[in-house]
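Peer 1: Okay, predicted coordinates and the sequence, questions at the end:
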Amino acid sequence: MAKSFDQKLVGKRIKALRLQNNVYQTTLAKDIGVSQTHMSNIESGRAGLTIDNLVKMAEIFNCTLDAIIFGEEAKPNLVEHRAEVDQDTVNLEDCTIGEFMRALQMLRVMK
C-alpha cells in the first residue's frame, strides 16, 4: 500500500521534533532559510516545505526523512545486509532445536 503525504501531520512531527530538541522556532527557521512566519505555517500544516528543507531538518534533528514525513524510521534493507544474513543462517545450522527455538523466541520479543 502506498504511503500518503499529510502536510498537517508532517507539521506536527516537525514541531514535536523541534520541542524535543529544545530548538526555538525562530532558530529552526533561520537554520533552514525561511521566515519565522513561514515556519509557523509549516508546523500548523498551512504551508509546505521543500525537499531541501526537509533534508536540512533531518540533519538538524539527526533523524530520517521517513521519521519526519511518515512518523517512522526507515526499515533496514535486507538486500544490503544479505552477506550478514547468510553468515548468520550458517551459524544457526549448528544450533540444536532447543537453541534455535530460544533464539526465535528472543527475536519475536525484540520485534
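Peer 2: All right, it came through fine. Numbering: from 1, shown residues only.
Peer 1: Please look at I42 and M57 and confirm they touch.
Peer 2: No: contact criterion C-beta atoms under 8 Å: I42 and M57 do not qualify, at 9.5 Å. From N, CA and C alone the C-beta is placed, and that goes for glycine too.
Peer 1: Are there residues contacting both of these two? Which ones?
Peer 2: In terms of C-beta atoms under 8 Å, 6 or more residues apart in numbering, I42 and M57 are both contacted by the residues I14.
Peer 1: What's the local residue count around S35?
Peer 2: Neighbourhood size, S35 [other C-beta atoms under 10 Å]: 11.
Peer 1: I'd say it and T26 touch.
Peer 2: No: under the criterion of C-beta under 8 Å, S35 makes no contact with T26, lying 9.3 Å away.
Peer 1: Residues that sit against both of these two, list them.
Peer 2: Common neighbours of S35 and T26 (C-beta under 8 Å, 6+ apart) do not exist.
Peer 1: ok, how many other residues are close to Q20?
Peer 2: With other C-beta under 10 Å as criterion, Q20 counts 10.
Peer 1: If you could redo that for Y24, that was the one I meant.
Peer 2: 12.
Peer 1: again, but for the one 5 residues further on
Peer 2: Neighbour count of A29, defined by other C-beta under 10 Å: 20.
Peer 1: need the contact list for it.
Peer 2: 35-36, 38-39.
Peer 1: so which of these is the most crowded?
Peer 2: That'd be M39 among those, by other C-beta under 10 Å, with 26 neighbours.
Peer 1: could you dump whichever helix or strand it is part of to CSV, C-alpha only?
Peer 2: Per DSSP states H and E, M39 falls inside helix 36-44. Extracted in CSV, the C-alpha atoms of helix 36-44 (Å, rounded to 0.1, in the frame of the first residue of the first chain):
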residue,chain,number,x,y,z
GLN,A,36,9.6,32.5,11.3
THR,A,37,6.1,33.1,10.0
HIS,A,38,6.6,30.5,7.3
MET,A,39,8.0,28.1,9.9
SER,A,40,4.9,28.6,12.0
ASN,A,41,2.7,27.9,8.9
ILE,A,42,4.7,24.7,8.2
GLU,A,43,4.2,23.5,11.7
SER,A,44,0.5,24.2,11.5
